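Student: The sequence and its predicted three-dimensional model are supplied below.
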Amino acid sequence: MVRYAEPGAHHPLRDWLTQRITAVVMALYSVIFLITLLAMPAVNYPGWRRMFLPPWMKFATLLFFVGLCLHAWIGMRNICMDYVKHGRARQVLYALIVGALVAYTFWVVQILWGPW
């Protein structure tokens, strides 16, 4: 059994699989978004609002953003593990990165389901 020296240490197969799955989700959303954007009669604020009114588009956008956050977290965590040698500094960076990603996710939810 493999034991990892530090809590939160990455698991290579799970990380690789998560990166690939999130990349596929983001690529599919990008294609759907582009098709929807090209089908819009006018690219203006009312058009953007109409594009994001259907619940499926809101959900797809949220799924895209959660995938983006997972993808970013794994990449940033691996960069920190490779280049930040001081354990405490690495933990502080982890906390800042996770805090930012969680705050961005809440912000996206607020934008998608907000009153405007």
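Tutor: Arrived safely.
Student: residues making contact with the lowest-mean-pLDDT helix or strand in the chain?
Tutor: Here the helix or strand of the chain ranked lowest by mean pLDDT, DSSP states H and E is helix 45-51, holding a mean of 89. Outside of helix 45-51, the residues within contact range by C-beta atoms under 8 Å, 6 or more residues apart in numbering are T36, L37, M40, P41, M57. All C-beta spots, glycine's among them, are computed from the backbone N, C-alpha and C.
Student: same thing but at 7 Å, please
Tutor: By C-beta atoms under 7 Å, 6 or more residues apart in numbering, the residues outside helix 45-51 that reach it are T36, M40, P41, M57.
Student: Pull the CA coordinates from that helix and hand them back as CSV.
Tutor: Provided in CSV are the C-alpha atoms of helix 45-51 (Å, rounded to 0.1, in the frame of the first residue of the first chain):
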residue,chain,number,x,y,z
TYR,A,45,-27.1,42.5,-23.2
PRO,A,46,-30.7,41.3,-23.8
GLY,A,47,-29.4,38.5,-26.0
TRP,A,48,-26.9,37.4,-23.4
ARG,A,49,-29.7,37.3,-20.8
ARG,A,50,-31.9,35.3,-23.1
MET,A,51,-29.0,32.9,-23.7
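Student: Next secondary structure after it?
Tutor: Helices and strands here follow DSSP states H and E; after helix 45-51, the next one along the chain is helix 55-83.
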